[in-house]
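> just coords:
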């Protein structure tokens with residue numbers, strides 16, 4: 001599917017003008033989700049929109065330029081732990097033998113069970129330490145240095161994250177003096193600046209007085 005991707009109708013400036021006219025003040029785009037595919041040029045692998053697609057261009061650069069033009073703050077969603085392509089990335093849940101709550105769990109093959117939930121042998125060639133050092137840290141550095149001011153870094157699903165891994169990523173935030181982050185880097189020791197209740201509007205008692213943004 002990546003080889004067929006050609007975003008001929010992508011017009012970042014038109015999209016951002018519409019957002020501005022609608023009263024939006026910031027945007028958060030998915031720079032890399034759990035599939036490990038980067039919507040930006042990265043030196044960590046060829047699994048990105050520039051090197052792997054017919055489109056062949058960085059999707060984030062025109063978006064960042066349009067944000068600057070229209071005065072909208074730019075944010076990046078980044079899946080820092082789960083990565084189903086790059087070696088060493090974490091998987092969604094524990095394997096079925098450890099209680100994977102999945103209706104298809106009975107059909108998970110022996111390889112997947114034996115390798116902690118990974119279904120692709122390429123995933124097991126590196127450790128998660130390698131993944132953090134070779135993919136996550138360099139990619140977050142790219143996001144925080146190649147696109148001008150970044151207002152938000154939206155972490156997601158800290159599967160198998162450790163405090164040590166989180167510290168390496170947290171240290172990169174110094175590259176953007178005004179950046180804020182959510183609460184999903186690594187719980188509970190990396191609370192971020194605001195909470196992100198999932199699929200609901202929370203009761204005030206759940207928020208401990210913190211700022212919040214619902215994820216729906």
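Cool, the structure landed. On a predicted model such as this, the values are computed, not experimentally measured, just so you know.
> Excluding chain neighbours, what is closest to residue 198?
Once its chain neighbours are removed from consideration, residue 198 has its nearest residue in residue 215; the separation is 5.1 Å (C-beta to C-beta, 6 or more residues apart in numbering). To be clear about C-beta, it is placed using only N, CA and C from the backbone, and glycine gets the same treatment.
> actually residue 65, not the one I typed
Counting by C-beta to C-beta, 6+ apart, the nearest residue to residue 65 once its immediate chain neighbours are dropped is residue 12, at 7.3 Å.
> mind listing the strands for this protein?
Read by DSSP state E, the chain holds these strands, from start to end of the chain: 26-32, 73-78, 152-155, 180-181.
> Now do the first one, average pLDDT.
To tie it back to what came earlier, the one meant is strand 26-32. In this model, strand 26-32 has a mean pLDDT of 97.
> same question, the second one
Per-residue pLDDT values across strand 73-78 average out to 98.
> Show me what that strand is packed against.
Strand 73-78 is packed against strand 26-32, helix 60-70, helix 137-145, strand 152-155, with contacts defined by 3 or more C-beta pairs under 8 Å, 6 or more residues apart in numbering; DSSP states H and E.
> Pull the number of nearby residues for residue 17.
Neighbourhood size, residue 17 [other C-beta atoms under 10 Å]: 15.
> which residues does it contact?
With contacts defined as C-beta atoms under 8 Å, 6 or more residues apart in numbering, the neighbours of residue 17 are 66, 70.
> So in the chain, where's the weakest helix or strand by average pLDDT?
Least confident helix or strand, the chain: helix 110-114 with a mean of 72, by mean pLDDT, DSSP states H and E.
> Tell me how many other residues crowd residue 188.
In terms of burial, residue 188 registers 6 neighbours under the definition other C-beta under 10 Å.
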